[in-house]
Every structure is written in C-alpha cells, then in structure tokens.
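Asker: Here is the input, now give the coordinates:
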Amino acid sequence: MCSKTRASPPSDLLAAGIPGGVVAAVELLTRTDAVSDADYYAAIRANPIALAVKRADIADNLDPARVARLDVGTRDRLAAKYSRALTSLE
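Answerer: I've put the predicted structure just below:
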C-alpha cells in the first residue's frame, strides 16, 4: 500500500460511511516520509486490521507467479525488503 497518490482525508472516508476502525487502519498503512520504518511497523503491529492488511499485501507481493517475472536483482531486493517488513511485524 505504498502509494504516492494523495489519499482522501479521514473525514471524507468517515463521511462516506467507512467505519472508523477501517479509516484508522488506512491512516496507519499510508506511508509518509515523516514516519520512520520502525514507527510505521510498530503502529501497524498495534492495529489488528492494519496488521492483517499489511501481511496480506506482503503475501500478494511475494506471490511466486509475480516474483518469477522479476529480474534477479529486483527479486533479491524485494525479498530482503519484505523479509525485514515481516520481521518488523512480528
């Protein structure tokens, strides 16, 4: 969920009827340059919805069919990245 597009403000999501717990998870999952990796993953660990979504996102990104289409360098870089992320989520 690391997107550089601008997300809707939480108030817009709440006004659209999205439950508060889901909005809170979306806020935690939305990366910003102001939040360190350690703080990002700590916040996600503390929120069951965000944790489930992040783990599912990583599993999707590590899908063997997807990974097989990558060049070796990218494959190795992403394997290390997601390994660190999963360790941080434990």
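Asker: so how many other residues sit close to S83?
Answerer: The number of residues packed near S83 is 12, by other CB atoms under 10 Å. Quick note: C-beta positions are derived from backbone N, CA and C, even for glycine.
Asker: likewise D33?
Answerer: Neighbours of D33 (other CB under 10 Å): 5.
Asker: Same question for it, what's its three-state structure.
Answerer: coil (DSSP: H, G, I helix; E, B strand; the rest coil).
Asker: ok, A80 to L86 distance?
Answerer: 11 Å (CB to CB, to the nearest Å).
Asker: Over to P64?
Answerer: 16 Å.
Asker: what does N47 give?
Answerer: N47 is 17 Å from L86, by CB to CB.
Asker: Do you have the helices of the chain handy? List them.
Answerer: 10-15, 20-29, 37-45, 48-61, 64-67, 72-89 (DSSP state H).
Asker: Out of these, which is the most enclosed?
Answerer: Most buried of these, by mean neighbour count (mean count of other CB atoms under 10 Å): helix 20-29, with a mean of 17.
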